[in-house]
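**Q** I'll drop the sequence and a predicted model, then ask my questions.
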Amino acid sequence: MRSWTRVNANVVSFPDEVEFGVFVKKDYLQRIGYEGSGIPNLHTLAELQWLHLCSLPYDTGYILHQPYEDFDMPRVFEAVMKRGGVCFELNFLFHRLLVEMGFDAHVNSASTALPGGQWGSEIEHMAIRVRIDDVDWLVDVGHGSVAITEPLRIDEQGGSVVQMGTEFRLATRGEWRVLQYKPKGRDWRDAYRMKIKDRAISDWNTWREELPPDADPVVPRKRRRGVENGQVTLVANLFRSIIGGEETVKHVRDEAELIEIMTTYWGESAPIVGYER
């Protein structure tokens, strides 16, 4: 499907003095570097998704030192355009962009796979379903772990597909569709599961209500972005790259190595939280 090669490899954050203000489609498209026709078809959708993954990373860094607030369009747009965001911020804005460009886009909820075969709450992760020519496609620019890099067909005819060397598929388990991925030479792994059910943005306000009264909703430092022919993630001190389907995992040894990784993949102005021993 992919026929473009442009990757916004360097500019993933903007200085604080740059102001974006309210949601503006033109500013959004310029920020991710989209210069296409804007026709709401599958090719446009795939290009938008890939550019978004490269330009606006998943990033919990600023949440570690800023209080979380409920959805507020100007605040979320300003934050995401400058430094990226978390799943519901990234997909919240991307959904809005797709609708304004004429796509038949809907918000779905998903629960991420946890250690020990457990799953997160039903309304946890946010994903997007886009209908084109009577076919539903899964689109996601806000997953904090390994992510699809192009739209993935949702119905049973989709099967498994290779995206930049990594296989992806949606398996059926009862009422759930489970997103799975498989780097070269590895077994299938679960990413998240979802029901094909439209949600409202306001549904994500309930996730805090499911936490214990004194729980801290902040997650460990976690970042992900698309890079040439693949993607990279950083969770605490664990750095993973999947390039051309080849997966490499390494432990960050010290503060200097952390800064080198952050500078290389997230830009010098990306927020850096101290090395976690």
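**A** Perfect, I can see it now.

**Q** now do the strand ranked longest in the chain, average pLDDT.
**A** When the chain is parsed with DSSP state E, its longest strand is strand 104-114. The average pLDDT for strand 104-114 rounds to 94.

**Q** equivalent analysis for stretch 186-201, please.
**A** pLDDT averaged over stretch 186-201 gives 92.

**Q** can you count the residues close to Cys54?
**A** Residues contacting Cys54 under the criterion other Cβ atoms under 10 Å number 22. C-beta: built from backbone N, CA, C; applies to glycine.

**Q** sorry, back to before: next one: whatever helix or strand comes next after the longest strand of the chain to chain centre, how far?
**A** Counting by DSSP states H and E, the element after strand 104-114 in chain order, helix or strand, is strand 118-119. In terms of Cα atoms, centre = their mean, to the nearest Å, the centre of strand 118-119 is set 20 Å apart from its chain centre.

**Q** all helices of this structure, in order?
**A** Ranges of helices within the chain are 25-32, 42-55, 73-83, 87-100, 255-266, based on DSSP state H.

**Q** what residues does the longest strand of the chain touch?
**A** 91-92, 95, 98-99, 119-132, 139, 144-145, 179, 189-201, 203-204 (Cβ atoms under 8 Å, 6 or more residues apart in numbering).

**Q** equivalent analysis for stretch 37-48, please.
**A** 1-4, 29, 32, 34, 36, 94, 97-98, 101-103, 130, 132, 137, 139, 150-151.

**Q** before we move on, the earlier item: buried stuff in the longest strand of the chain?
**A** Within strand 104-114, the residues scored as buried using 16 or more other Cβ atoms under 10 Å are Ala105, His106, Val107, Asn108, Ser109, Ala110, Ser111, Thr112, Ala113.

**Q** got the angle between that strand and helix 87-100?
**A** 160 degrees (axes from the mean of the first three to the mean of the last three Cα atoms, to 10 degrees).

**Q** now strand 104-114 - C-alpha only, PDB.
**A** Output of strand 104-114 as PDB, limited to C-alpha atoms (Å, rounded to 0.1, in the frame of the first residue of the first chain):
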ATOM      1  CA  ASP A 104     -16.300   8.300   7.800                       C
ATOM      2  CA  ALA A 105     -14.300   7.900  11.000                       C
ATOM      3  CA  HIS A 106     -15.500   6.500  14.400                       C
ATOM      4  CA  VAL A 107     -13.800   6.200  17.800                       C
ATOM      5  CA  ASN A 108     -13.500   2.700  19.300                       C
ATOM      6  CA  SER A 109     -12.200   1.600  22.700                       C
ATOM      7  CA  ALA A 110      -9.600  -1.100  23.300                       C
ATOM      8  CA  SER A 111      -7.900  -2.800  26.300                       C
ATOM      9  CA  THR A 112      -4.200  -3.400  26.200                       C
ATOM     10  CA  ALA A 113      -2.500  -6.700  26.900                       C
ATOM     11  CA  LEU A 114      -1.000  -6.900  30.300                       C
END
